[in-house]
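Visitor: coordinates only, sequence not included:
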Ligand code: GUN
């Protein structure tokens, strides 16, 4: 049976470290402020935004919530971002995705000042990551690195296979693992022989968006398996992209769903907010 990588405990430790740093800033008379913008009322987004506000309150970060109606125009949203870019008292700007269809997500992401881009989605942030320059890193892949490091998983020299090539997870994940000196292979929906490639991985990171797709037959004995997926099944139970019961029989360490990668995203968002003071 594999070691369970406890994302709940590791994310709690990171939030406590953030809280300590925030407390020190507050004692110096400095404040950290994150503005969170949600357009429309997608129920999943509302839950995520609520959790982000809760984490801010715990860490001691001030949060400014903008809950805009579904009909908000792109121009209105861009104008709000412009205003927040110019405000000295606002350190971070986060626009919850997905946005309503009439708004161009790329235009919105590009409007955020890279110095306030705590989500790490701006092309400048992604470019900086690509060439090893300082900048914000997308929270979920940054959280995966913390899970591995804090569970004493060696990354350097290991063969890492990533399943999924999204801008938010797969691509930045590949760059981060490369930065940690792993040998990286990115697979996707058009990949041939996916199973054979996954079976070569020392570290298998799955972000493909298909419930329980990866079972033990995709995993090399003793591999470390990180499951970024999250789905609700017919019985309303949460599961990941990995079939945990089968995979945990063969992996040496594995993240559960829930309680693995999920809580790390918000913990790393808090860390990006606290770090924003250093970049600004
Ligand atoms: N929607 C799903 N995940 C995320 C995230 O990490 N940041 C934002 N802004 N929106 C999301």
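Guide: Sure thing, it's come through. In this text, all values refer to a predicted model and were calculated from it rather than measured experimentally. Residues are numbered from 1 along each chain as shown.

Visitor: show me where this protein has strands.
Guide: Ranges of strands within the chain are 3-4, 33-39, 62-68, 92-95, 159-163, 183-187, 203-206, 224-227, 231-232, 238-239, 253-254, based on DSSP state E.

Visitor: output those as a markdown table; include the columns distance to residue 217.
Guide: C-beta coordinates here come from the backbone N, C-alpha and C atoms, glycine included. Listed next are the strands of the chain as a markdown table, based on distance: least, CB to CB, whole Å:
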| stretch | distance to residue 217 |
| --- | --- |
| strand 3-4 | 21 |
| strand 33-39 | 40 |
| strand 62-68 | 44 |
| strand 92-95 | 39 |
| strand 159-163 | 14 |
| strand 183-187 | 15 |
| strand 203-206 | 12 |
| strand 224-227 | 13 |
| strand 231-232 | 20 |
| strand 238-239 | 18 |
| strand 253-254 | 15 |
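
Visitor: for the ligand, find the nearest of those strands.
Guide: Closest of the strands of the chain to the ligand is strand 92-95, at 5.1 Å (criterion: CB to the nearest ligand atom).

Visitor: and the closest one, what does it pack against?
Guide: Counting contacts by 3 or more CB pairs under 8 Å, 6 or more residues apart in numbering; DSSP states H and E, the secondary-structure elements packed against strand 92-95 are strand 33-39, helix 74-86, helix 262-279.

Visitor: nearest approach to the ligand belongs to which of the ones you listed?
Guide: Closest approach to the ligand among the helices and strands packed on strand 92-95 is made by helix 262-279 (5.6 Å; CB to the nearest ligand atom).

Visitor: which strands or helices does that closest one pack on?
Guide: Judged by 3+ CB pairs under 8 Å, 6+ apart, the packing partners of helix 262-279 are helix 7-27, helix 43-59, strand 92-95, helix 139-150.

Visitor: out of those, deepest packed?
Guide: Counting by mean count of other CB atoms under 10 Å, strand 92-95 has the highest mean neighbour count of the helices and strands packed on helix 262-279, with a mean of 26.

Visitor: give me the mean pLDDT for that strand.
Guide: Mean per-residue pLDDT for strand 92-95: 98.

Visitor: direction included, what does that strand pair up with?
Guide: Take DSSP bridges as the rule and strand 92-95 pairs in its sheet with strand 33-39 (parallel).

Visitor: show me the contact partners of the partner strand.
Guide: Under the criterion CB atoms under 8 Å, 6 or more residues apart in numbering, residues 45-46, 49, 52-53, 56, 61-70, 72, 77, 80-81, 84, 89-96, 99-100, 103, 118, 273 lie in contact with strand 33-39.

Visitor: ok, whichever residue of the chain sits closest to the ligand - contacts?
Guide: Closest contact between the chain and the ligand, by CB to the nearest ligand atom, is at residue 97 (3.7 Å). Shown in contact with residue 97 (CB under 8 Å, 6+ apart): 45, 105.

Visitor: how about the residues of the stretch 1-150 of the chain near the ligand?
Guide: Within reach of the ligand by CB under 6 Å from any ligand atom, the stretch 1-150 of the chain has these residues: 94-97, 119, 139.

Visitor: what does the stretch 151-280 of the chain give?
Guide: Residues of the stretch 151-280 of the chain lying near the ligand (CB under 6 Å from any ligand atom): residue 265.

Visitor: JSON lines for the helices and strands packed on helix 262-279, including distance to residue 256?
Guide: Output for the helices and strands packed on helix 262-279, formatted as JSON lines (distance: least, CB to CB, whole Å):
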{"stretch": "helix 7-27", "distance to residue 256": "8"}
{"stretch": "helix 43-59", "distance to residue 256": "18"}
{"stretch": "strand 92-95", "distance to residue 256": "27"}
{"stretch": "helix 139-150", "distance to residue 256": "11"}
